[in-house]
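> Below is the sequence, then the predicted model.
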Amino acid sequence: MIYPTRRAIMLAVAGAPLALIAGLIAPGWWAAAGGWVALILGLTLLDALIGPARGEASLVLVAPAQLGVAGVGEAHIAAHFRRASPARLGLALETNDRLTADPDRLILTGGEGVVRLTPVRRGVGEISALWLRWPGPLGLVWKQIRDPVARAIAVVPNVEAVKAEAVRLFSRQALSGLKVQLDVGDGTDFHALKELVGPMDTRAIDWKQSARHLKLLGKEFRAEANHPIVFAIDSGRQMCEPLAGTPRVDLALNAALLTAFVSLKLGDRVAIYGFDARPRLYTGMLGGAVAFERLRRLSAGLDYSAEETNYTLGMTELGAHLKRRSLVTVFTDFTDSTTAEMMIENAGRLARRHLVLFVIFRDEELEAIAAREPAAAEDVTRAVTAAALLRSREVVIERLRRLGVQILDAPAARIGPALISAYLDLKRRELL
């Protein structure tokens, strides 16, 4: 795109008063106004022809592949020309609603510049395009190009907060002790032969090996590792409503990543599955501590939705992905037993083959309304409505328990640590 600068427009407009003055002095000089405009137009066309052409410019963008929520990143941009670079280069970044660029307009120094990128919310951010413009040698035209880079940047939950919480709960020494406790003595997989000591279970004595070595040897077992753990996150309309100032789906994803970090450390395989009206995300089973970064990056594809959740389609599709018995941790929310009917039916079907754990966010605000002493008639109405919703919620929870579904009901602020405790308890009890 080539268009006139402010200087060219001002020079063209300046011809009008000059022509008026000339016409007052000598009527025949009115034609000078047309000559002035033609002169400016000719100089503008000349300015467009000389200097670097639009096709000679190219842009190089270096931007991070992912950014954490509440973090800040930098995008480095360099402009190159086949011939001499113009002295003045202006740059602008075009981003989607997940990112903001600061500054939004930048003057490149030496053909290079840095723009700060700030995530607005979790999801997939994008630098859609780069805009570069420069003036002609006479300063009468702007030459502008748009480079549609379409660079995606995953805006992920704050990994530092996730890891800090995991380290706080399980220091390196505590985690090592926990692995020993979980791995040895409580499982079904044969680990090693060990000389029989005081509290060792005599049923574990291996009589053949004891006879061969002329001392009592017992079998030592360890818990099975490599369990498939799936975090199924409902991203429908109700889960995108805020709880304690944060969307429920973000609270669920943070808790899932926190538990996934511990699960991967303990040797299990982890997947994240997202659904609303239809399945939206399935990361596949990932194993090893190094898989956490990939899992975190893929989780950015779980977007917010205004659609109602389709439990039948979501859980049926999830069941098709799982080839062996797995721990399926479902994050969802419901308002009453009527809206939860399809959820209960499909959860029961999934629980016939897998171990299902439902994570339910305790609505402390609703509990406070039901327990508050009324001061006016409106308070009584609110308390009765809140109590009815809480009773309906308890009915749903009880029906899920009767179907063999494990229930975790915890406040939003404690959902991550509570989920880790529930996961470790299931491993100790060999329910996976």
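Arrived safely.

> does Lys265 really touch Val290, like I thought?
No: contact criterion CB atoms under 8 Å: Lys265 and Val290 do not qualify, at 11.0 Å. Backbone N, C-alpha and C define where each C-beta goes, glycine included.

> Which one of the two is surrounded by more residues?
Neighbours were counted for Lys265 and for Val290 using other CB atoms under 10 Å; Lys265 has more, 16 against 9.

> If Ile272 is in a bridge, with which residues?
On the basis of DSSP bridges, Ile272 is bridged to Phe231.

> OK, contacts around it?
230-231, 233, 253, 256, 260, 281-283, 295, 298-299, 302 (CB atoms under 8 Å, 6 or more residues apart in numbering).

> go on, Glu378?
By CB under 8 Å, 6+ apart, Glu378 has no neighbours at all.

> Now it: which helix or strand?
helix 377-402 (DSSP states H and E).

> circling back: just among the contacts of Ile272, which is most surrounded?
Ala256 (31 neighbours).

> so that one, which of the three states?
The three-state label given to Ala256 by DSSP: H, G, I helix; E, B strand; the rest coil is helix.

> Can you give me the buried ones in the helix holding Glu378?
If you call a residue buried by 16 or more other CB atoms under 10 Å, then helix 377-402 has these buried ones: 382-383, 386, 389-390, 392-393, 396-397, 399-400.

> Tell me how far it lies from the chain's centre.
Computed by CA atoms, centre = their mean, to the nearest Å, the chain-centroid distance of helix 377-402 equals 32 Å.

> Run the angle between the helix or strand following that helix and helix 377-402 for me.
Counting by DSSP H and E, the next helix or strand C-terminal to helix 377-402 is strand 406-411. Inter-element angle recorded for strand 406-411 and helix 377-402: 150 degrees (by axes from the mean of the first three to the mean of the last three CA atoms, to 10 degrees).

> so what strands line up beside strand 406-411?
strand 355-362 (parallel).

> Quick check: mean pLDDT of the strand it pairs with?
Strand 355-362 comes out with an average pLDDT of 92.

> Just the CA coordinates for it, please, in CSV.
C-alpha atoms of strand 355-362 as CSV (Å, rounded to 0.1, in the frame of the first residue of the first chain):
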residue,chain,number,x,y,z
LEU,A,355,-12.3,-45.7,38.3
VAL,A,356,-14.1,-42.4,38.1
LEU,A,357,-13.4,-39.5,40.4
PHE,A,358,-15.7,-36.5,40.2
VAL,A,359,-14.2,-33.2,41.4
ILE,A,360,-17.0,-30.8,42.5
PHE,A,361,-16.3,-27.2,43.5
ARG,A,362,-17.9,-26.4,46.8
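
> got the buried residues for that strand?
Neighbour counts over strand 355-362 (16+ other CB under 10 Å) mark 355-362 as buried.

> out of these, who's nearest Leu106?
Taking CB to CB as the measure, Leu106 lies nearest Phe361 of those, at 42.9 Å.

> who's in contact with the closest one?
243, 248, 251, 333, 410-412, 415.

> and what of Gly236?
275-277, 305, 307-309.

> Return the distance of it relative to Thr5.
Distance, Gly236 to Thr5, using CB to CB, to the nearest Å: 52 Å.

> next one: Arg428
73 Å.

> Could you check which of these two is surrounded by more residues?
Neighbour comparison, Arg428 and Thr5: the larger count goes to Thr5, with 17 against 14 (by other CB under 10 Å).

> Touching, that one and Leu140? I think so.
Yes: Thr5 is within contact range of Leu140, at 5.8 Å (criterion: CB under 8 Å).

> now for the longest strand seen in the chain, which elements pack on it?
As assigned by DSSP state E, the longest strand anywhere in the chain is strand 123-135. In terms of contacts (3 or more CB pairs under 8 Å, 6 or more residues apart in numbering; DSSP states H and E), strand 123-135 is packed against strand 57-62, strand 73-81, strand 89-95, strand 99-102, strand 112-119, strand 141-147, strand 151-156.

> got JSON lines for those strands, with distance to Val37 and mean pLDDT too?
Output for the helices and strands packed on strand 123-135, formatted as JSON lines (distance: least, CB to CB, whole Å; pLDDT from 0 to 100):
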{"stretch": "strand 57-62", "distance to Val37": "30", "mean pLDDT": "91"}
{"stretch": "strand 73-81", "distance to Val37": "32", "mean pLDDT": "91"}
{"stretch": "strand 89-95", "distance to Val37": "27", "mean pLDDT": "92"}
{"stretch": "strand 99-102", "distance to Val37": "39", "mean pLDDT": "91"}
{"stretch": "strand 112-119", "distance to Val37": "37", "mean pLDDT": "92"}
{"stretch": "strand 141-147", "distance to Val37": "16", "mean pLDDT": "90"}
{"stretch": "strand 151-156", "distance to Val37": "44", "mean pLDDT": "90"}
